[in-house]
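Undergrad: Let me see the structure of the following:
(one chain, ligands or ions: 1)
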Amino acid sequence: MAALEAERVAALGKQGTITQLLKTMGQMSPEQRQAEGPRIHGLRERVTTAIADRKAALEAAALERKLATETLDMTLPAEPRLQGSVHPVSQVMDELAEIFADLGFSVATGPEIEDDWHNFTALNIPESHPARAMHDTFYFPDEDGAERKMLLRTHTSPVQIRTMVTQKPPIYIIAPGRTYRSDSDATHTPMFHQVEGLVIDRGIHMGHLKWTLETFLKAFFERDDIVLRLRPSYFPFTEPGAEVDVGFSIEKGKRVIGGSEGWMEVLGSGMVHPKVIAACGLDPDEWQGFAFGCGIDRLAMLKYGMDDLRAFFDGDLRWLKHYGFSALDVPTLSGGVGA
Ligand code: 2NL
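TA: Alright, predicted model coming up:
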């Protein structure tokens, strides 16, 4: 290439032989120029073309050499890229939304910083009620002149209260989200996740409650042999209230939901207390409803087999790699709850 470039400069450069020849044409007589001109121009043309051809040939040969000596393995796998995964809590929230959407429920959300009216008073838990103390509430310092104490919601019930206050029945909602209680041990974290469900309509009774929970649990645990046991229980915001146990069986030494070798408490539920309906500005003689609540973290543990709640919130990537889900996973049964 360097030699070729030297030849080009020698012939066609400023001092090149052909350039010199072209210059001599200036001193020629018209007859001489007519005779020599085409020959000189023709010479320049041929030399220019010859150099360009040679250059192209040299470049092609260089490429051939490169292709013959350098190897590129197209079958090698690409460099792995760091891939995130969906946290089991998010996965279960998506599954809940899908299952309840099939049943005609929409997802309601609300603030995590609440006032004591929405979190307690409207739910028939007055100032002195022991349930307030039982909730281990995180309170904010009192603001001067504030009418209502501010707190971190201890359940997602205030979302349902807000829905009843602002929307006309019929209401069919679930309220999943973060909740907070000042509690920390092997089975409690100060922040945890809850889902509550609420139905307000005419003529609603406990049969609707039990069918809805049974249908939900069958779809969620992907088993038909789900057996429910409702035990009378007390919640200030329900009348009557019922604790819901689900039958489990032992498979390969592990407890799995389904069958009825034993009972496990998974939900709290009940008919919405008439005082709660009235507190939200609705007439309890016209509107009835049922509600339920349960821990999402616990649902995830039961379905996917984790045994330590605290690992949910440690942010250990190895745990997420093991228990996390692909972002492309379909959240629930393709057949829906009717299949
Ligand atoms: C439990 C109990 C429950 C509710 C939550 C509720 C909400 C409204 C009105 C009436 Cl707005 N009830 N929610 C009812 C019964 C039980 O949760 O053990 N949760 C973990």
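
Undergrad: Going by C-alpha atoms from here, please, whenever you check contacts or count neighbours.
TA: Will do.

Undergrad: separation between R181 and H118?
TA: 16 Å (Cα to Cα, to the nearest Å).

Undergrad: tally of neighbours for L230?
TA: Neighbour count for L230, taken as other Cα atoms under 10 Å: 17.

Undergrad: One more: A52?
TA: Residues contacting A52 under the criterion other Cα under 10 Å number 14.

Undergrad: from the middle of its chain, how far away would stretch 48-57 be?
TA: Put simply, stretch 48-57 sits 61 Å off its chain's centre (Cα atoms, centre = their mean, to the nearest Å).

Undergrad: I'd like the mean pLDDT over that stretch, please.
TA: If you average the pLDDT over stretch 48-57, you get 96.

Undergrad: can you pull the buried residues of that stretch?
TA: The neighbour-count check on stretch 48-57 (16 or more other Cα atoms under 10 Å) flags nothing as buried.

Undergrad: switch to numbering from 18
TA: Sounds good: first residue 18 from here, last item stretch 65-74.

Undergrad: Please identify the buried residues of stretch 165-181?
TA: 167-181.

Undergrad: now do stretch 102-111
TA: Using 16+ other Cα under 10 Å as the test for burial, stretch 102-111 gives S102, V103, H104, P105, V106, S107, Q108, V109, M110.

Undergrad: before we move on, the earlier item: the ligand next: which of the buried residues of stretch 165-181 are close?
TA: Among the buried residues of stretch 165-181, proximity to the ligand is found for S174, Q177, I178 (Cα under 6 Å from any ligand atom).

Undergrad: any chance of the buried residues of stretch 102-111 in a markdown table, plus pLDDT and distance to D161?
TA: Output for those, formatted as a markdown table (pLDDT from 0 to 100; distance: Cα to Cα, whole Å):
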| residue | pLDDT | distance to D161 |
| --- | --- | --- |
| S102 | 89 | 45 |
| V103 | 91 | 43 |
| H104 | 94 | 40 |
| P105 | 94 | 41 |
| V106 | 95 | 38 |
| S107 | 94 | 38 |
| Q108 | 92 | 42 |
| V109 | 94 | 41 |
| M110 | 95 | 38 |
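
Undergrad: rewinding a little: the buried residues of stretch 165-181 in strands, which ones?
TA: M167, L168, L169 (DSSP state E).

Undergrad: Brilliant, that's me finished.
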